[in-house]
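Engineer: Here's my sequence, what's the structure:
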Amino acid sequence: MFHELSPRGWQNLYHNAVAVLQEVSEYELKVRLQEPSFARRVREVLNGFDAYMSDEKTWGKKLAPSLLSNPVAYFSAEIGFHETLPIAAGGLGILAGDHTRSASDLGLGFVAISIFYREGYFQQAISPDNWQTDYYVRLNPETLPLEPVLNEAGEPLVCSLDIDFSRVYFHAWRVNVGRVPVYLMDTNRPENQQLYRDLSLRVYGGDSTTRIMQEMLLGMGGVRLLRSLGVEPSVYHMNEGHVAFLTLELMREKISQGMPFEEALAATRSQCIFTTHTPVEAGHDRFRPELVRYALHAILPQVAPSFPELMSLGRVNPKDENEPFCMTVLALKASRAANAVSQLHGSVTRKMWQALYPGKAVDDVPISHITNGVHLLGWMKGPVRSFWRRKLGPRWEENINSAAYWKRMLDPKFISDEELWALRYRLRRALIEFARRRLEVQGQRLANLDFIAFDRILDPDALTVGFARRFATYKRAPLVFQDLDRILKLVHDRERPIQFVFAGKAHPMDDEGKRHLQQIIQLTRGSALRSRLVFIENYDVHVARQMVSGCDVWLNNPRRPFEASGTSGMKVSCNGGLNLSILDGWWREAYDGTNGFAIGTDECPASIAGSGERWRRSCRSSIPGEWSASTPRSTTCPGSDLRSGQPGPGLRPGPRPRRGLGHAEPDSGIIDRTTAILPASKRIVYV
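Structural biologist: Residues are numbered from 1 along each chain as shown. You can find the predicted model right below:
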């Protein structure tokens with residue numbers, strides 16, 4: 001509807017409904033609503049939203065009514081909902097956004113806390129020498145789906161906390177995500193010095209001093225904001241260690257009422273739970289003792305009898321005066337429960353932090369795992385929703401968390417091969433046309449090329465392999481092209497060609513990650529892969545939505561076990577695509593031998609047992625039978641077990657009957673690590 005009001009505005013304003021409405025006058029809107037069909041659709045949307053908001057039979061109201069008055073307080077340094085509000089740097093923030101939307105769908109008592117970064121995360125552009133350049137765009141709250149948090153007098157609600165030797169003031173913005181309020185704190189106030197105003201400037205911006213101050217604002221400031229709003233949470237959920245200073249604020253409150261330090265710590269522990277996402281030691285925030293003493297100067301006397309006792313909360317070995325203060329250690333010590341984000345990550349995490357629990361075997365370390373999930377509806381494009389609505393009925397959205405409901409996908413008579421393959425073609429075509437538009441804009445910035453040239457980029461008939469994620473070195477983006485000659489044969493196969501679409505950002509300070517990205521860009525511009533390998537700049541939620549729907553195969557080849565969970569592949573599944581991945585994170589649990597393709601084995605993840613026969617046989621007819629057999633399995637297994645909106649255990653259905661040629665057992669053999677991905681890619685061509 002907003003696209004109809006202003007097609008150009010909708011496209012150029014990052015699909016921002018608020019900004020589009022500001023472009024359309026009240027009179028124009030009234031005139032447009034005189035059109036019966038348009039007015040009818042508007043009423044249908046409004047009526048549907050009203051019904052959603054007023055539903056009295058939600059999961060939360062039936063099974064967790066106490067949380068409606070005392071909600072879960074969910075703290076996260078980044079939250080990613082939509083391209084309109086780019087305040088997420090990667091998977092942690094996107095997961096937080098999916099948690100929030102799923103909490104709304106469940107009717108869960110839930111309130112989220114983060115920061116309004118007025119320049120968000122950086123924007124990406126590729127220079128003529130194929131190097132990532134970074135720039136920032138100022139966000140204007142007046143054109144965003146935000147509303148100021150006001151006090152009883154109708155003025156901005158202002159809170160404060162002491163950071164180092166200064167009083168820092170902040171106000172807040174509210175984002176309404178369905179039934180869930182999200183509060184974003186903002187220090188951009190005239191009372192503050194520029195240093196403190198810029199605490200809410202950029203996601204993970206600045207040096208260690210800026211970082212520890214941001215985390216004080218997020219944790220301590222977030223608790224104070226909730227108090228000012230009159231919100232009394234039943235539990236505080238720390239989404240990664242960045243927010244762990246909230247435990248110090250909870251302790252400060254108790255100590256100010258006369259509670260001893262140890263009792264305050266125990267009482268705080270009973271209120272908090274913690275999710276850790278980082279399987280790499282270097283990925284956990286650590287601060288030098290002198291920086292902690294400086295930043296927490298004002299609050300120190302209020303939370304601990306002495307500085308060493310405060311430091312002990314963030315140290316594995318409290319007696320080691322040289323050990324820095326670790327936010328993850330603080331979160332673990334001040335939580336009643338902690339979890340990793342996949343089964344394998346749980347094992348890695350227990351081993352990583354065993355020293356915190358002297359005398360306990362690794363398996364007895366009290367860190368469990370809850371595998372991440374996704375908000376399915378948020379990652380389905382319109383054509384996909386229409387497809388499922390047509391097949392599953394008009395009330396399908398209400399049953400999206402029901403494993404039994406999705407079980408019908410396993411019936412070969414319920415959805416035909418032709419329908420699935422037609423859906424894949426439609427989504428692939430949409431991705432290719434999106435990519436051509438974006439590449440034309442990218443190309444015009446670097447060279448004055450004829451727009452017709454971009455219509456020859458990518459082939460709608462070629463199997464499309466996608467890779468989109470942060471360009472951290474452990475994710476090994478260039479690995480698939482290590483043996484370029486082999487890849488070129490597959491790309492230029494006349495009967496069964498493949499092609500690649502890449503996207504992603506390297507952290508501004510990660511030059512090694514930027515070099516990986518540079519390798520990909522060089523291949524797109526100066527090799528025989530040109531026009532069959534493309535890189536889409538400025539990866540964000542919008543680009544992700546296009547790619548997870550339009551790519552046939554989702555490639556993931558990190559160094560195991562560094563992918564704590566990963567969730568992008570789950571989004572591919574609900575759009576009828578298949579995963580090709582190292583057995584790491586969520587895929588190690590979801591893969592069952594029929595619902596996608598694994599690189600390596602659990603016992604030998606660095607190598608791969610060749611099973612190319614399955615790929616070769618599946619494309620000997622015009623409509624790939626084994627592809628169509630794998631797609632329902634891919635949709636059903638992750639869909640029923642690993643959705644962020646699924647409060648209970650899901651279904652593990654049996655194999656769907658094969659509709660193509662018979663299944664062949666995989667042949668044996670181990671392939672060297674450096675070429676492990678390449679035979680797997682070769683198999684893609686035959687799907």
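Engineer: Report the contact partners of the nearest residue to residue 305 once chain neighbours are set aside.
Structural biologist: Of all residues not flanking residue 305 in the chain, residue 261 sits nearest, at 5.7 Å (CB to CB, 6 or more residues apart in numbering). Quick note: C-beta positions are derived from backbone N, CA and C, even for glycine. Residues counted as contacts of residue 261 (CB atoms under 8 Å, 6 or more residues apart in numbering) are 251, 255, 304-305, 309.
Engineer: Give me the below-cutoff pLDDT ranges for the chain.
Structural biologist: 446-452, 606-629, 632-633, 635-687 (pLDDT under 70).
Engineer: Give me the most central residue, it.
Structural biologist: residue 94 (2.7 Å; CA atoms, centre = their mean).
Engineer: What distance do you get for that residue to residue 141?
Structural biologist: Between residue 94 and residue 141 the distance is 22 Å, computed by CB to CB, to the nearest Å.
Engineer: returning to what we had before: sec struct for the nearest residue to the residue nearest to the centre of the chain once chain neighbours are set aside, please.
Structural biologist: Residue nearest to residue 94 in three dimensions, not counting chain neighbours: residue 80, with 4.4 Å by CB to CB, 6+ apart. Per DSSP: H, G, I helix; E, B strand; the rest coil, the local secondary structure of residue 80 is coil.
Engineer: And residue 113, by the same measure?
Structural biologist: strand.
Engineer: what are the ranges of the helices in the stretch 351-500 of the chain?
Structural biologist: Along the stretch 351-500 of the chain, the stretches classed as helices by DSSP state H, counting those that start in this stretch are 382-392, 403-406, 417-446, 484-491.
Engineer: er, the stretch 501-650 of the chain I mean
Structural biologist: 511-526, 541-550, 568-573, 585-590, 612-617, 625-641.
Engineer: residues making contact with the third one?
Structural biologist: By CB under 8 Å, 6+ apart, the list of residues contacting helix 568-573 from outside reads 91, 373-374, 379, 466, 468-469, 544, 548, 551, 554, 556, 578-579, 581, 586-587, 590, 595-596, 634-635, 637-639, 642.
Engineer: Including distance to residue 239, could the helices of the stretch 351-500 of the chain go into CSV?
Structural biologist: Formatted as CSV, these follow (distance: least, CB to CB, whole Å):
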stretch, distance to residue 239
helix 382-392, 28
helix 403-406, 26
helix 417-446, 31
helix 484-491, 38
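Engineer: got JSON lines for these, with distance to residue 12 and mean neighbour count too?
Structural biologist: Converted to JSON lines, the helices of the stretch 351-500 of the chain look like this (distance: least, CB to CB, whole Å; neighbours: other CB atoms under 10 Å):
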{"stretch": "helix 382-392", "distance to residue 12": "20", "mean neighbour count": "15"}
{"stretch": "helix 403-406", "distance to residue 12": "38", "mean neighbour count": "18"}
{"stretch": "helix 417-446", "distance to residue 12": "11", "mean neighbour count": "18"}
{"stretch": "helix 484-491", "distance to residue 12": "34", "mean neighbour count": "16"}
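Engineer: Report the contact partners of the residue nearest to the centre of the chain.
Structural biologist: 80, 88, 541, 544, 567.
Engineer: from memory the fourth one sits against residue 468, does it?
Structural biologist: In other words, residue 544. Yes: between residue 544 and residue 468 a contact is recorded at 6.2 Å, counting by CB atoms under 8 Å.
Engineer: residues shared between the contacts of those two?
Structural biologist: Here residue 544 and residue 468 have 503, 568 as joint contacts, going by CB under 8 Å, 6+ apart.
Engineer: roughly how far apart are the closest residue in space to residue 364 that isn't next to it in sequence and residue 43?
Structural biologist: Nearest residue to residue 364 in three dimensions, chain neighbours excluded: residue 357, at 7.6 Å (CB to CB, 6+ apart). Per CB to CB, residue 357 is found 59 Å from residue 43.
Engineer: Which one's more surrounded, these two?
Structural biologist: Shown here are residue 357 and residue 43; by other CB atoms under 10 Å, residue 357 has more neighbours (15 against 11).
Engineer: and the gap between that one and residue 329?
Structural biologist: On the measure of CB to CB, residue 357 and residue 329 end up 12 Å apart.
Engineer: cool, residue 304 as well?
Structural biologist: From residue 304 to residue 329 the distance is 15 Å (CB to CB).
Engineer: With residue 25 instead?
Structural biologist: Counting by CB to CB, the gap from residue 25 to residue 329 is 56 Å.
Engineer: more crowded one of the two?
Structural biologist: residue 329 (24 against 10).
Engineer: So the more buried one sits against residue 356, correct?
Structural biologist: Yes: in this structure, residue 329 is within contact of residue 356 by CB under 8 Å, at 6.7 Å.
Engineer: one step back: now tabulate the contacts of residue 94 in TSV and tack on neighbour count and distance to residue 127.
Structural biologist: Putting the contacts of residue 94 into TSV (neighbours: other CB atoms under 10 Å; distance: CB to CB, whole Å) gives the following:
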residue	neighbour count	distance to residue 127
80	26	26
88	26	25
541	22	24
544	21	23
567	23	31
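Engineer: what sits against the residue lying closest to residue 360 once chain neighbours are set aside?
Structural biologist: Leaving out its chain neighbours, the residue that sits closest to residue 360 by CB to CB, 6+ apart is residue 354, at 6.9 Å. For residue 354, the contact set (CB under 8 Å, 6+ apart) comprises 360, 362, 365.
Engineer: out of these, which is most surrounded?
Structural biologist: residue 365 (21 neighbours).
Engineer: SS state for the residue lying farthest from the centre of the chain?
Structural biologist: Among the C-alpha atoms of the chain, the one most distant from their mean position (CA atoms, centre = their mean) is that of residue 258, at 41.8 Å. At residue 258, secondary structure determined by three-state DSSP is coil.
Engineer: picking up where we left off before, which of the helices of the stretch 351-500 of the chain sits closest to residue 214?
Structural biologist: helix 417-446 (32.1 Å; CB to CB).
Engineer: what residues are up against the closest residue to residue 14 other than its chain neighbours?
Structural biologist: Among residues not flanking residue 14 along the chain, residue 83 sits closest, at 4.8 Å (CB to CB, 6+ apart). With contact taken as CB under 8 Å, 6+ apart, residue 83 is in contact with 14-15, 540-542.
Engineer: export the residues you listed to TSV and tack on distance to residue 167?
Structural biologist: Shown next, in TSV, are those (distance: CB to CB, whole Å):
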residue	distance to residue 167
14	36
15	39
540	36
541	36
542	40
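Engineer: farthest-separated two in these?
Structural biologist: Spatial extent of these (CB to CB) is set by the pair 15 and 540 at 10.7 Å.
Engineer: returning to that earlier point: distance of the residue nearest to residue 305 from residue 311?
Structural biologist: On the measure of CB to CB, residue 261 and residue 311 end up 13 Å apart.
Engineer: and what of residue 405?
Structural biologist: Here residue 405 is placed at a distance of 52 Å from residue 311 (CB to CB).
Engineer: Of all the helices of the stretch 351-500 of the chain, which one is nearest residue 510?
Structural biologist: Nearest to residue 510 among these is helix 417-446; the distance by CB to CB comes to 21.7 Å.
Engineer: The closest one - contacts with which helices or strands?
Structural biologist: Packing partners of helix 417-446 (3 or more CB pairs under 8 Å, 6 or more residues apart in numbering; DSSP states H and E): helix 382-392, strand 463-468, strand 533-536, helix 541-550, helix 625-641.
Engineer: now with 6 Å?
Structural biologist: strand 533-536, helix 541-550, helix 625-641 (3 or more CB pairs under 6 Å, 6 or more residues apart in numbering; DSSP states H and E).
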